[in-house]
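**Student:** Fold the following and give me the result.
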Amino acid sequence: MVKKLLHTRYRVKDLEKTVSFYKDVLGLEEIRRHTSGRGSQLVFLKAPESEEEIELCKFDASGPVVVGPDLTHLAFEVDDLDKFAKQAAAKGYALSDGPHQSSGGRIAFIDAPEGYEIELIERATK
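**Tutor:** Got it, this is the predicted structure:
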């Protein structure tokens, strides 16, 4: 049996542009980077209040990166969706959908480089 989720991997073509998005737009922290034994360039990041990490992988030998629509996304909690949207737009990343009201607060989406979708959740205050 597994014990816990450690990381989720996304393969990308432009590693530095994607790392910049996760750090500068989303505010994730780069934990470590290295090259694997087979030659993959790997960067691990995490959100300030999370244990799980995101692994970004550049491995050209695997062929082109093709991200299918609505196949996968990462979801992050934000304190203030409007403030986040304004800051992200100022960095060249406008929301791709929302904000929308949901039963637990508000949600919106933003597209990361390479087409991966990011869900943003502002929980309702109690």
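
**Student:** which of the residues in stretch 101-117 are buried?
**Tutor:** 106-114, 116-117 (16 or more other C-beta atoms under 10 Å). Just so you know, the C-beta spots here come from the backbone N, C-alpha and C atoms, and that holds for glycine as well.

**Student:** Tell me which two of the residues you listed sit farthest apart.
**Tutor:** Arg106 and Glu114 (25.8 Å; C-beta to C-beta).

**Student:** ok, which stretches of this protein are helices?
**Tutor:** With DSSP state H as the criterion, the chain has helices at 15-20, 81-90.

**Student:** got the CA coordinates for stretch 48-58 in CSV?
**Tutor:** Output in CSV follows, covering the C-alpha atoms of stretch 48-58 (Å, rounded to 0.1, in the frame of the first residue of the first chain):
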residue,chain,number,x,y,z
PRO,A,48,4.4,27.2,0.8
GLU,A,49,1.8,25.3,2.8
SER,A,50,2.0,21.9,0.9
GLU,A,51,4.1,18.8,1.4
GLU,A,52,3.5,17.5,-2.2
GLU,A,53,5.9,18.7,-4.9
ILE,A,54,5.6,19.3,-8.6
GLU,A,55,8.3,17.9,-10.8
LEU,A,56,8.9,19.6,-14.1
CYS,A,57,10.8,17.5,-16.6
LYS,A,58,12.5,18.4,-19.8
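
**Student:** Pull the contacting residues for Val25.
**Tutor:** With contact set as C-beta atoms under 8 Å, 6 or more residues apart in numbering, Val25 has these partners: 87-88, 91, 93, 110.

**Student:** Pick the one among the buried residues of stretch 101-117 closest to Leu5.
**Tutor:** For the buried residues of stretch 101-117, the nearest to Leu5 is Tyr116 (17.8 Å; C-beta to C-beta).

**Student:** Many thanks, I have nothing further to ask.
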